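**Student:** Whatever this is, show me its structure:
(one chain, ligands or ions: 2)
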Amino acid sequence: MNNYTLTDLGWSAHFRKQCLDADGMPARISSVARDRLEAIGEAGNVSLTLHGGQSAGDFAVGDWVLHDDRFRVVERLEPKTRILRKAAGREARSQLIAANVDTLGIVSSCNADFNAARLERYLALAEASGCLPLVILTKADETEDPVRFRRQAERLSPLVSALTLNALDPEEIERLAPWCSGGQTLALVGSSGVGKTTLSNGLTGRGDATMDIREDDAKGRHTTTSRALHPTLAGGWLIDTPGMRELQLADAAEGIDAVFADIAELALSCRFSNCSHQSEPGCAVQAEIGAGRLDPDRLARWDKLQREDARNSESIAEAHARDRRFGKMIRNVVAQRRQERSGK
Ligand SMILES: Nc1nc2c(ncn2[C@@H]2O[C@H](COP(=O)(O)OP(=O)(O)OP(=O)(O)O)[C@@H](O)[C@H]2O)c(=O)[nH]1
Ligand SMILES: [Zn+2]
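**Tutor:** Ligands and ions are numbered 1, 2, ... in the order given. Below you'll find the model as predicted:
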């Protein structure tokens with residue numbers, strides 16, 4: 001049995017402001033099942049049910065909700081940050097992976113996994129999600145020169161802070177405490193084998209086994225959902241879901257511009273506003289490359305990310321519009337209920 005305060009759980013003025021005139025008890029979602037949410041509140045773990053047009057897909061691990069005394073979800077509070085991904089399947093739309101992640105830990109290792117393009121992709125994602133990016137370079141014990149990797153990472157963007165560590169050493173893992181203490185939430189992304197599980201186990205003190213929640217689906221079969229919001233030893237939270245592990249860029253245009261702010265700014269000085277920065281006359285970007293001040297590979301990576309993002313965003317723009325209409329409908333229903341309750 002836990003006894004967390006709302007502050008321990010990551011509650012802040014951002015959420016309090018949203019429920020000044022709302023009734024219901026706050027709880028933070030720790031896992032999302034097909035028709036039910038598991039959450040943690042001041043009274044401990046609670047199992048919440050959805051009703052009245054609510055769909056599990058509208059909620060993500062890390063979200064704050066208000067529930068009534070029959071443990072029904074009344075309202076989802078607008079999150080501080082949200083991590084989206086382009087959903088699989090033919091109908092392209094974005095899918096909510098996690099909410100209220102304060103820091104996105106971008107994990108890579110001090111070896112052949114280190115890849116500038118991949119780091120930039122995750123940095124853009126962190127920026128688009130509103131999370132603080134932290135590059136965590138593992139396997140520092142396996143290289144002669146970890147500082148070289150850290151410098152390379154820090155050169156990618158002024159947004160980056162990076163640290164190197166041996167994820168197998170509990171003392172070194174403690175260096176991550178500032179990002180996952182005091183109710184703060186950290187999530188880890190990165191390729192397979194870079195040490196996410198090792199870090200996660202070290203940060204939470206738990207073994208590899210995830211606490212599964214069993215649920216009967218409509219056909220009477222058992223399905224399991226992993227609890228995905230884990231308390232860290234430092235007094236914060238770690239979000240670990242399968243979806244976090246397969247993130248792609250979607251709708252991250254702003255994030256890309258922030259990571260490549262130097263190129264985006266140069267591009268403003270190109271003679272043509274639709275310059276492709278390949279061979280046009282008066283291209284400020286090519287001029288910088290010619291002068292040896294800009295790495296042509298970096299321009300190529302920027303170009304690739306932008307094209308990928310444009311493809312993804314185009315197809316999900318319509319789905320977003322539909323989500324907004326749906327959100328509005330839900331808010332209207334909730335407001336109407338509230339009016340009815342206070343009126344009678
Ligand atoms: N020497 C050393 N080994 C490490 C370090 N971090 C992880 N490892 C090892 O690298 C291997 C892969 O680590 P995992 O934690 O399973 O990697 P992961 O990112 O969770 O991989 P997936 O589960 O496939 O996504 C394991 O054998 C770890 O023991 C480190 O900092 N130093
Ligand atoms: Zn140009």
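**Student:** Let's test this: mean pLDDT of the helix or strand encompassing residue 305, rounded?
**Tutor:** Assigned by DSSP states H and E, residue 305 belongs to helix 296-343. Averaging pLDDT along helix 296-343 gives 70.
**Student:** what about the helices in the stretch 101-250 of the chain?
**Tutor:** 116-129, 146-156, 170-173, 196-204 (DSSP state H, counting those that start in this stretch).
**Student:** near ligand 1 at all, the first one?
**Tutor:** This points to helix 116-129. No - contact of helix 116-129 with ligand 1 (CB under 6 Å from any ligand atom) is absent, the minimum separation being 13.2 Å. (C-beta placed from N, C-alpha, C; glycine too.)
**Student:** Buried residues in that helix, which are they?
**Tutor:** 116, 118-129 (16 or more other CB atoms under 10 Å).
**Student:** As a markdown table, the helices of the stretch 101-250 of the chain with distance to residue 99 would be great.
**Tutor:** Converted to a markdown table, the helices of the stretch 101-250 of the chain look like this (distance: least, CB to CB, whole Å):
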| stretch | distance to residue 99 |
| --- | --- |
| helix 116-129 | 9 |
| helix 146-156 | 26 |
| helix 170-173 | 25 |
| helix 196-204 | 19 |
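**Student:** I'd like these as CSV, with mean pLDDT and distance to residue 109 appended.
**Tutor:** Conversion of the helices of the stretch 101-250 of the chain to CSV gives the following (pLDDT from 0 to 100; distance: least, CB to CB, whole Å):
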stretch, mean pLDDT, distance to residue 109
helix 116-129, 86, 12
helix 146-156, 92, 8
helix 170-173, 94, 14
helix 196-204, 93, 10
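**Student:** For residue 309, which of those helices is the nearest?
**Tutor:** The closest of these to residue 309 is helix 116-129. By CB to CB, the value is 7.9 Å.
**Student:** Between helix 146-156 and the closest one, find me the angle.
**Tutor:** Taking axes from the mean of the first three to the mean of the last three CA atoms, to 10 degrees, helix 116-129 and helix 146-156 form an angle of 50 degrees between their directions.
**Student:** Summarise which helices and strands helix 116-129 is packed against.
**Tutor:** Contacts defined by 3 or more CB pairs under 8 Å, 6 or more residues apart in numbering; DSSP states H and E place helix 116-129 against strand 82-86, strand 103-109, strand 132-138, helix 146-156, helix 253-259, helix 296-343.
**Student:** ok, now with 6 Å
**Tutor:** On a contact count with 3 or more CB pairs under 6 Å, 6 or more residues apart in numbering; DSSP states H and E, helix 116-129 meets helix 253-259.
**Student:** Please compute how far the next helix or strand after the helix it packs on lies from its chain's middle.
**Tutor:** With elements assigned by DSSP H and E, the helix or strand that comes after helix 253-259 is helix 261-267. Put simply, helix 261-267 sits 26 Å off its chain's centre (CA atoms, centre = their mean, to the nearest Å).
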